[in-house]
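Asks: whatever this is, show me its structure:
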Amino acid sequence: MQTLIINIKELLQVRETAIEKVSGSEMAILPTLKNAFLLIENDTIVSYGSMENCPKNRADKTIDASGKIVLPSWCDSHTHIVYVGNREQEFVDRINGLSYEEIANRGGGILNSAKRLNEASEDEIYNQSKKRLEEIMLLGTGSVEIKSGYGLTVEGELKMLRVIKKLAENYPITIKATFLGAHAFPTEYKENHTGYIDIIINEMLPKIAAEKLADYIDAFCEIGYFSVEEIELIMEAGKKYGLRSKIHVNQFTVINGIKACVKHDALSVDHLEMVTDDDISDLKNSKTMPVALPSCSYFINIPYTPARKMIDAGLPLALASDFNPGTSPSGNMNFVVATACIKMKMTPEEAINAATLNGAYAMGISNTHGSITIGKKANLIITKPLNSFYELPYAFGSNLIEQVMINGKIIS
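Replies: Okay, here's the model as predicted:
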């Protein structure tokens, strides 16, 4: 099955040679091709170029993209979209002046979601979560990482990871699963951290590994949650089961978590609303991708990741949605890209690089996703007619996507 897209006004993120990521000043360079064609065979990009070199052989399907922009689909490397219910009351509580910590101390936050999830059946969790997955696909996301972390019990975490596995089996979107048992301490272990960490390492991890339910391991490194010493135990335990770490760190405070993550070769460090010069030094020349989550900053009114400082220091940066019921109840990566431009002063080129190629790196899939490269998956966004791709972040409240293609097929 061949699909030919012709008369593309501008084809974005064209990389003749596959690269893993872009860093520093390279992030401002977004290679594009005007008046282009793109040829797809089954689920793979097999050719592209200028229209004057467009193949004459008739394809099985031809799409005319006159006036339209074509770019790789979004690679959302940090989400929590498997959950039950929502937390709209906490949204109102914050408006009325309660802090994240105060809400958590009243039984809200992560523990609120954990209570609901443990009371729900696997089918109920799946049926609620698949609607969110379908929504983000239509908004242009072609690959997504999904975390557990609302179980906080052996059965609850397994139940979440089985739902993620079922979603991956039933939908064409590429899904990576991350085990986040270390999301918060259950109430009964609030004063017995060692007891809960023992359950994570000696009960949860062996069962997860036996069923092959996770690709990565995560922990929430923060005052009142998991300390640096505790996340190091969890990262070490994950390595024994082949699970590289992707860690929540520096959301509210700086406690030297980034240094520990780099030491343990974490694939990514996510949030980074607070970043010091020492953190930047630790990340330089590492293989760890910093990931910013601007929708979270927007929704709970906390500082934004200092993107300019980090990029100007030569670091790479990825963007992700943090789609979750409490602090970022949206998986709209178009809004993420726009917010990065508006609030973090990233250029459109930098933001698109961060949400495609670097997002793919933060999921370990940059060899197959994130750019227009021969041999990569045909996961694409075809926009409505636009003046330029700058309209994508500029018209932040408009849906400028006309079609989304995943694995070479238009989804609906």
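Asks: pull the number of nearby residues for residue 388.
Replies: 11 (other Cβ atoms under 10 Å). C-betas here are computed from N, CA, C, even on glycine.
Asks: my bad, should have said residue 287
Replies: With other Cβ under 10 Å as criterion, residue 287 counts 14.
Asks: again with the one 4 residues further on
Replies: Using other Cβ under 10 Å as the criterion, residue 291 is surrounded by 30 other residues.
Asks: any idea how far it is from residue 49?
Replies: 33 Å (Cβ to Cβ, to the nearest Å).
Asks: one more: residue 173?
Replies: Taking Cβ to Cβ, one finds residue 173 at 28 Å from residue 49.
Asks: just checking, next helix/strand downstream of the helix or strand containing residue 219?
Replies: Assigned by DSSP states H and E, residue 219 belongs to strand 216-221. Where DSSP H and E defines the elements, the next helix or strand beyond strand 216-221 is helix 228-240.
Asks: residues of that next one that come out buried?
Replies: Neighbour-count burial for helix 228-240 flags 230, 231, 232, 233, 234, 235, 237, 238 (criterion: 16 or more other Cβ atoms under 10 Å).
Asks: same list, those residues, but as CSV with pLDDT and distance to residue 63 please.
Replies: Output for those, formatted as CSV (pLDDT from 0 to 100; distance: Cβ to Cβ, whole Å):
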residue, pLDDT, distance to residue 63
230, 97, 51
231, 98, 47
232, 98, 50
233, 98, 51
234, 98, 46
235, 98, 45
237, 98, 48
238, 98, 43
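Asks: please enumerate the strands of the stretch 101-250 of the chain.
Replies: Secondary structure of the stretch 101-250 of the chain (DSSP state E, counting those that start in this stretch): strands at 141-147, 174-182, 216-221, 244-249.
Asks: including mean neighbour count and mean pLDDT, could those go into JSON lines?
Replies: Formatted as JSON lines, those follow (neighbours: other Cβ atoms under 10 Å; pLDDT from 0 to 100):
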{"stretch": "strand 141-147", "mean neighbour count": "28", "mean pLDDT": "98"}
{"stretch": "strand 174-182", "mean neighbour count": "26", "mean pLDDT": "98"}
{"stretch": "strand 216-221", "mean neighbour count": "27", "mean pLDDT": "98"}
{"stretch": "strand 244-249", "mean neighbour count": "27", "mean pLDDT": "98"}
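Asks: pick out whichever of residue 173 and residue 49 has more residues nearby.
Replies: Remark: of residue 173 and residue 49, residue 173 carries more neighbours, 22 against 15, as counted by other Cβ under 10 Å.
Asks: wait, what's in contact with that one?
Replies: Contacts of residue 173 were listed using Cβ atoms under 8 Å, 6 or more residues apart in numbering, and they are 133, 137, 141, 142, 143, 144, 406.
Asks: ok, the second one to residue 95 distance?
Replies: Distance of residue 137 to residue 95, given as Cβ to Cβ: 31 Å.
Asks: and for the fourth one?
Replies: Between residue 142 and residue 95 the distance, using Cβ to Cβ, works out to 34 Å.
Asks: now swap in the last one and tell me
Replies: Counting by Cβ to Cβ, the gap from residue 406 to residue 95 is 37 Å.
Asks: what do you get for the third one?
Replies: Using Cβ to Cβ, we find residue 141 at a distance of 29 Å from residue 95.
Asks: now stretch 400-412: mean pLDDT?
Replies: For stretch 400-412, the mean pLDDT works out to 97.
Asks: and if you look at stretch 283-295?
Replies: Per-residue scores along stretch 283-295 average to 97.
Asks: run the chain-centre distance for it.
Replies: In terms of Cα atoms, centre = their mean, to the nearest Å, the centre of stretch 283-295 is found 12 Å from the chain centre.
Asks: what residues sit buried inside that stretch?
Replies: Neighbour count says stretch 283-295 has 283, 286, 288, 289, 290, 291, 292, 293, 294, 295 buried, by 16+ other Cβ under 10 Å.
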